[in-house]
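# Next come a sequence and a model predicted from it.
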Amino acid sequence: MFVSVALLVLIQSAAVVPVTVTSHSPGVEVRESSDAVLSCEFSTENDKNPRIEWKKIDKDVSFVYFNRYFTESFRGRAEIKGATLQLKSVTQSDAGTYRCEVSAPQDTITLGEINVTLTVLVPPHTPSCDVPSSALTGSLVQLRCRDHHSIPAAVYTWYKDNRALHIQQPNATYTIDEKTGVLTFQKVSRSDTGQYHCEAKNRVGPGKSCSGTRMQIDDLNVAAVVSGVLLLVLLMCLCVFGVFYGRRHGLFSRHRGR
């Protein structure tokens, strides 16, 4: 008798499944302008018609789907199938974390929820490249390359005269940070003269390159510098002599007028 009662209680408790919410894909990645499916599945204990809500979790929580209607920014480009949300032609503004909430007032546990993160992937754009047109030998020179739009963030490859500059190059006179796109010459030499361009790449689409720019490295003209210094000294001496001569001969006296 005791065994039968215990078995009956066990069967009844096994049949009680309060509202639960799950997702096949809690992390979704799609390319920009593609459709995104945010999976949400649920089961209830007693409630046959639970309330489905979707919210976007940013700095503030905003409704996506509420009271069986989509909010204005999602109206006409979103659908609900069961509790699964489908967004059409997603943009960067759609990226973020979404919460699927299922309310079942007739269940023992009345609320279940699951978060789904949407990442909108963007292929590389043509990067902006900053290449100095000239520099003097022995000086520090940096070339910069940046693509602000690609997601995930691009990695960068620099080219000199259409040949890739390898990051791990023995006895190289330069360093390359492939994440920031900065090519650094601690002390440039005339052999570094050439045409440089950069390519931005990520796993979403084909790489994009900026147009090439020639960088000319010249030696410091010592003779011209010495001549310039001597000329400056000569001019300063003439000025000093002129002032001294004027004062000596009363050219600056107030009694002689202007």
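Structure's in. What do you need? Numbers count the residues shown, from 1 in each chain.

# Can you list the low-confidence ranges for the stretch 1-150 of the chain?
Residue ranges of the stretch 1-150 of the chain with pLDDT under 70: 1-18.

# now the helices: where do they sit in it?
For the stretch 1-150 of the chain, helices defined by DSSP state H, counting those that start in this stretch occupy the ranges 2-15.

# Tell me where it has strands.
Assigned by DSSP state E, counting those that start in this stretch, the strands in the stretch 1-150 of the chain fall at 20-22, 27-31, 36-38, 41-43, 51-57, 61-66, 69-70, 78-81, 84-87, 96-103, 111-121, 128-130, 134-136, 141-146.

# Which one, of these, ends up nearest to Tyr156?
Closest to Tyr156 of the strands of the stretch 1-150 of the chain, according to C-beta to C-beta: strand 141-146, at 5.0 Å. (Each C-beta comes from the backbone N, C-alpha and C, glycine too.)

# Point out the most buried one among the strands of the stretch 1-150 of the chain.
Most buried of these, by mean neighbour count (mean count of other C-beta atoms under 10 Å): strand 36-38, with a mean of 21.

# contacting residues around that one?
Contact with strand 36-38 is made by 23, 25, 28, 30, 54, 84-87, 90, 94, 98, 100, 116, 118, 120, as judged by C-beta atoms under 8 Å, 6 or more residues apart in numbering.

# try 6 Å this time
With C-beta atoms under 6 Å, 6 or more residues apart in numbering as the test, strand 36-38 has contacts from 28, 30, 85-87, 90, 98, 116, 118.

# Check which strands are paired with that strand and give the direction for each one.
Sheet pairing for strand 36-38, assigned by DSSP bridges, gives strand 84-87 (antiparallel).

# Off-centre distance for the partner strand?
Centroid separation for strand 84-87 versus its chain: 26 Å, with C-alpha atoms, centre = their mean, to the nearest Å.

# Is Ala135 in contact with Val141, as I believe?
Yes: assessed by C-beta atoms under 6 Å, Ala135 is found in contact with Val141 at 4.9 Å.

# if I look at the two, which residues touch both of them?
Shared contacts of Ala135 and Val141, counting by C-beta under 6 Å, 6+ apart, come down to Val188.

# re the thing from before, kindly reformat the strands of the stretch 1-150 of the chain as CSV containing distance to Ser209.
Below are the strands of the stretch 1-150 of the chain laid out as CSV (distance: least, C-beta to C-beta, whole Å):
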stretch, distance to Ser209
strand 20-22, 45
strand 27-31, 21
strand 36-38, 30
strand 41-43, 45
strand 51-57, 36
strand 61-66, 39
strand 69-70, 41
strand 78-81, 37
strand 84-87, 32
strand 96-103, 31
strand 111-121, 20
strand 128-130, 9
strand 134-136, 22
strand 141-146, 9
